[in-house]
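**Student:** A predicted structure for the sequence below; I have some questions about it.
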Amino acid sequence: MKIISTLLIAFFLVGCAFKQPKRTVASTIIIKTPNLKFYDKGFINYYDNYIHLQLLSIGNVVLDLSIFKDKICKSSLQCVDAKSFNSQYLVDSYDKDFLFNLFYKKKIYFKDKKNNILIKVK
């Protein structure tokens, strides 16, 4: 009985542990849209099923996004459908997995002159 309870406790502790990213990239990130304007240093953390984007300005987090294929979470509390995020901050004609696919590229550069959108990672 003692072995089983020890295994259960160990299972719950391991299950609640924070996941480590597969890859972390420190970059200068430019996001310029009609509703978002950022040009700051930040980190892009790549996990198995999502991307965590964090922009910093003078040591403070100014943008914190978790980008999934079907949803975008701001500050890890407010999740919205990716299509709704696109229509609010980008362009509603973009695919719902647009940001997810864009940030998984090796060279991240997107420019849409028609809609005045620039997303670039240096």
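**Tutor:** That came through fine.

**Student:** contacts, neighbours, all on C-alpha from now
**Tutor:** Fine.

**Student:** and for residue 115, the neighbour number?
**Tutor:** Residues near residue 115, counting by other C-alpha atoms under 10 Å, number 11.

**Student:** try residue 64
**Tutor:** 17.

**Student:** number the chain from 193, please
**Tutor:** Yes, from this point I'll number from 193; that puts the last item at residue 256.

**Student:** what's the helix or strand for it?
**Tutor:** According to DSSP states H and E, residue 256 maps onto strand 252-259.

**Student:** spit out the contact partners of the nearest residue to residue 217 once chain neighbours are set aside.
**Tutor:** Nearest non-adjacent residue to residue 217, counting by C-alpha to C-alpha, 6 or more residues apart in numbering: residue 236, 5.1 Å away. Residue 236 is in contact with 216, 217, 218, 219, 243, 244, 245, 246, counting by C-alpha atoms under 8 Å, 6 or more residues apart in numbering.

**Student:** filter those residues down to the ones in strands?
**Tutor:** 216, 217, 218, 219, 243, 244, 245, 246 (DSSP state E).
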